[in-house]
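Visitor: Got a predicted structure here, sequence first:
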Amino acid sequence: MLLAHISDLHVMVPGELAYGVVSTTPYTVEDYPIRLIMLDTNVPGKGHGELDTERLSWLEQQLSQQPDRPTISFMHHPPFPTGIDLMDGYGLTGLKDLERIVKRYRCIRRIGCGHIHRPIQKLWAGTLAYTVPSPVHQVSLDLTSDAEAATFTMEPPAYQLHLWSEESDLVSHTQYIDQYDGPYPFLKPDNGKNEVKLKERATP
Ligand SMILES: [Fe+2]
């Protein structure tokens, strides 16, 4: 199974919902071997995120129903400060309670987020929380300036793909969207000799 997670959308599917809609209705996707929990952190009309009692209760209820099923939880705002002053100023409230819940459920393989427009990872509450790069502009990697000096750049747009299998669990790839030179083969064709070598290498 391959899933795409694009950071700039406030509603992230696979599912039936319309892209680009700001929603406060959380939902789950149950159609795949790995379960997806879409937890909305947005506060309509504001830049910061919020997890109030109602949203946290819903999350806990969902997790308690299938505590052993591999799960990715998606939300717009990351649950950790990034060091980028501007974005941290529009962070997430309700973190303590979220951390308490997430720590209890080892089934959460990732917490995938957007908002920051940069690829950032942090081990948090016993899982890997991350933000993905944006398919449009990126927030500049500036860890020294204050919010008023913040900038954005047109670094390459990218997205993230998650590959799931029972054997490998969850493997996450970041892929650039633009076209670049290549692909070029690592080995030159030479009447099939390299093919034999590759087969030998693959044999345990
Ligand atoms: Fe945002």
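Guide: Yep, it's here. Numbers count the residues shown, from 1 in each chain.
Visitor: Show me the shaky parts of the chain.
Guide: By pLDDT under 70, the weakly predicted segments of the chain are 1-24, 190-204.
Visitor: ok, which stretches of it are helices?
Guide: 53-65, 85-88, 95-104, 193-202 (DSSP state H).
Visitor: Now render those as CSV, adding distance to residue 178 and mean neighbour count.
Guide: Where C-beta positions appear, they are placed from N, C-alpha and C, glycine not excepted. Putting these into CSV (distance: least, C-beta to C-beta, whole Å; neighbours: other C-beta atoms under 10 Å) gives the following:
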stretch, distance to residue 178, mean neighbour count
helix 53-65, 36, 15
helix 85-88, 24, 18
helix 95-104, 35, 16
helix 193-202, 29, 10
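Visitor: Looking at these, which is nearest to residue 140?
Guide: helix 85-88 (9.2 Å; C-beta to C-beta).
Visitor: mind checking how far that closest one is from the chain centre?
Guide: 19 Å (C-alpha atoms, centre = their mean, to the nearest Å).
Visitor: what sits against residue 50?
Guide: Residue 50 sits next to 41, 43, 92, 93, 94 when contact means C-beta atoms under 8 Å, 6 or more residues apart in numbering.
Visitor: Kindly indicate which of these lies nearest residue 53.
Guide: residue 94 (8.3 Å).
Visitor: residues contacting that closest one?
Guide: Counting by C-beta under 8 Å, 6+ apart, residue 94 has contacts 50, 51, 52, 55, 56.
Visitor: Rebuild the residues you listed as a markdown table, extending it with distance to residue 140.
Guide: Listed next are the contacts of residue 94 as a markdown table, based on distance: C-beta to C-beta, whole Å:
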| residue | distance to residue 140 |
| --- | --- |
| 50 | 26 |
| 51 | 28 |
| 52 | 32 |
| 55 | 31 |
| 56 | 33 |
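Visitor: Is it possible to mark the buried ones in the contacts of residue 50?
Guide: 41, 43, 92, 94 (16 or more other C-beta atoms under 10 Å).
Visitor: which of those sit farthest apart?
Guide: 43 and 94 (11.1 Å).
Visitor: Convert the C-alpha atoms of stretch 109-123 to PDB, please.
Guide: Listed next in PDB are the C-alpha coordinates belonging to stretch 109-123 (Å, rounded to 0.1, in the frame of the first residue of the first chain):
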ATOM      1  CA  ARG A 109       3.700   4.300  13.900                       C
ATOM      2  CA  ARG A 110       3.800   8.000  12.900                       C
ATOM      3  CA  ILE A 111       2.200  11.300  13.600                       C
ATOM      4  CA  GLY A 112       2.300  13.100  10.200                       C
ATOM      5  CA  CYS A 113       1.900  16.800  10.000                       C
ATOM      6  CA  GLY A 114       2.100  19.800   7.700                       C
ATOM      7  CA  HIS A 115       2.000  23.500   8.600                       C
ATOM      8  CA  ILE A 116       5.800  24.000   8.700                       C
ATOM      9  CA  HIS A 117       6.500  23.500   5.000                       C
ATOM     10  CA  ARG A 118       9.800  21.700   5.800                       C
ATOM     11  CA  PRO A 119      10.800  18.100   6.400                       C
ATOM     12  CA  ILE A 120      11.400  17.700  10.100                       C
ATOM     13  CA  GLN A 121      11.300  14.700  12.400                       C
ATOM     14  CA  LYS A 122      11.200  14.200  16.100                       C
ATOM     15  CA  LEU A 123      10.800  11.200  18.400                       C
END
